[in-house]
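J.: Got a predicted structure plus its sequence, pasted below:
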Amino acid sequence: MTDLLTLTDLVVDIPHRRGTLRAIDGVSLSIARGEVLGLVGESGAGKSMIGNAVIGLLARPAHVAGGEIWLGDRRIDRLAPHQMRQLRGRRIGMIFQDPQTSLNPLMRIGDQLVETIRLHRPMPAAGARTEAIRLLDEVGIPAPEERMAYWPHQFSGGQRQRIVIALALAGEPELIIADEPTTALDVSVQAQIIRLLKRLCADRGVAVMLITHDMGVIAETADRVCVLYAGRVAETGPVTEVLSRPRHPYTVGLMDAIPSLDPARGEPGVATLRQIPGAMPSIAARPSGCAFHPRCASATPDCARVRPDPRPAGRSEVACPVCAPTHEDAAS
């Protein structure tokens with residue numbers, strides 16, 4: 001597969017009166033056409049910040065201070081605001097976490113779709129209406145022609161999220177950034193949205209950056225996963241590899257924090273939950289060396305001094321000086 005999005009040593013800084021805070025610190029990743037890449041980590045890891053940097057919606061004074069962002073063969077991190085507006089919606093779509101705040105409560109759903117379609121794909125109003133109905137049908141809204149006249153409050157939470165996905169598809173983008181698209185939904189609706197995203201990737205060849213804290217969503221949806229910690233990449237690789245054989249101590253901790261009914265992990269018949277000690281460091285108090293070392297049971301003195309770079313380990317890449325590749329990794 002050909003890479004559609006490439007981030008190389010991305011740096012996002014936030015200047016303030018006492019200096020500069022580094023929110024994203026040298027992140028490199030790529031997404032191929034038709035691929036779902038999951039960004040996962042605790043709150044404060046930098047997941048949404050990366051998505052906003054790609055689509056050009058960083059809240060000032062945050063800004064891209066280093067590295068490169070490429071969309072296909074075009075570098076986009078240096079584009080002027082009006083140039084980014086031409087890409088936003090047309091080549092890059094965005095699905096926000098809360099569909100209630102993503103939709104204009106004073107406009108009918110059909111009007112919002114038609115306006116978005118005509119903005120990015122010049123066509124007559126009648127053609128845009130036909131396309132809007134088709135999009136509503138594609139994302140699973142029943143009686144789409146009738147519901148074009150509905151207001152946002154007349155839909156359920158799951159239906160509103162489907163409409164937000166339709167809006168993201170209105171410009172026929174190549175890349176969709178989905179920021180916690182299933183967080184506010186119940187389990188059954190969450191599964192429907194996951195199936196919808198996977199089908200869009202398969203049918204349209206759309207690349208998806210899926211931002212979430214839910215390892216279950218990652219396991220169901222993503223092809224590859226990038227684990228973030230304190231604005232840096234801890235581990236990245238195929239989702240089956242990372243989830244079945246986590247190598248970075250932080251990834252291991254995230255997997256252990258998932259409740260289990262396995263008697264081997266606790267008292268028979270009792271769900272156990274293993275927490276990672278401590279908390280994600282604030283941007284203003286990020287530790288030296290490996291940012292995870294204060295919470296890591298395997299940390300050595302070198303971990304506090306040397307910042308590790310991602311290195312191959314099996315089919316994954318791991319940024320950990322303690323996690324040495326095994327003989328099995330070398331053979332693979």
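T.: On my side now, so go ahead.
J.: so who does the closest residue to P144 other than its chain neighbours touch?
T.: Excluding the flanking residues, the one nearest P144 by CB to CB, 6 or more residues apart in numbering is L136, at 3.6 Å. Using the backbone N, CA and C atoms, a C-beta is placed for each residue, glycine as well. Applying CB atoms under 8 Å, 6 or more residues apart in numbering, we find L136 in contact with I109, L113, P144, R147, M148, I163, A166.
J.: Kindly report the same for M280.
T.: E42, S43, G44, A45, Y229, A230.
J.: Could you tell me which of those residues belong to strands?
T.: Cross-referencing these against strands under DSSP state E gives Y229.
J.: In PyMOL, select just the buried ones from the contacts of M280.
T.: To isolate the buried ones among the contacts of M280 in PyMOL, judged by 16 or more other CB atoms under 10 Å, type:
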select buried, resi 42+44+45+229+230
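J.: Check what contacts the helix or strand hosting V242 and list those residues.
T.: According to DSSP states H and E, V242 maps onto helix 239-244. With CB under 8 Å, 6+ apart as the test, helix 239-244 has contacts from 38, 215, 218-219, 222-225, 227, 235-236, 251, 255, 314-316.
J.: Tell me which of these fall in strands.
T.: Among these, DSSP E puts G38, R224, V225, V227, E235, T236, S316 in strands.
J.: quick one on the thing from earlier: which one among the contacts of M280 gets closest to K198?
T.: Taking CB to CB as the measure, K198 lies nearest A45 of the contacts of M280, at 24.0 Å.
J.: What sits closest to the closest one if chain neighbours are left out?
T.: In space, A45 is closest to L228, 4.1 Å off (CB to CB, 6+ apart).
J.: before we move on, the earlier item: greatest separation within the ones in strands among the contacts of helix 239-244: which pair is it?
T.: Greatest spacing in the ones in strands among the contacts of helix 239-244, by CB to CB: G38 and S316 (13.5 Å).
J.: between those two, who's got more neighbours?
T.: G38 (27 against 24; other CB atoms under 10 Å).
J.: got the contact list for the more buried one?
T.: Contacts for G38 (CB under 8 Å, 6+ apart) come out as L210, I211, T212, V217, I218, T221, A222, R224, V225, C226, V239.
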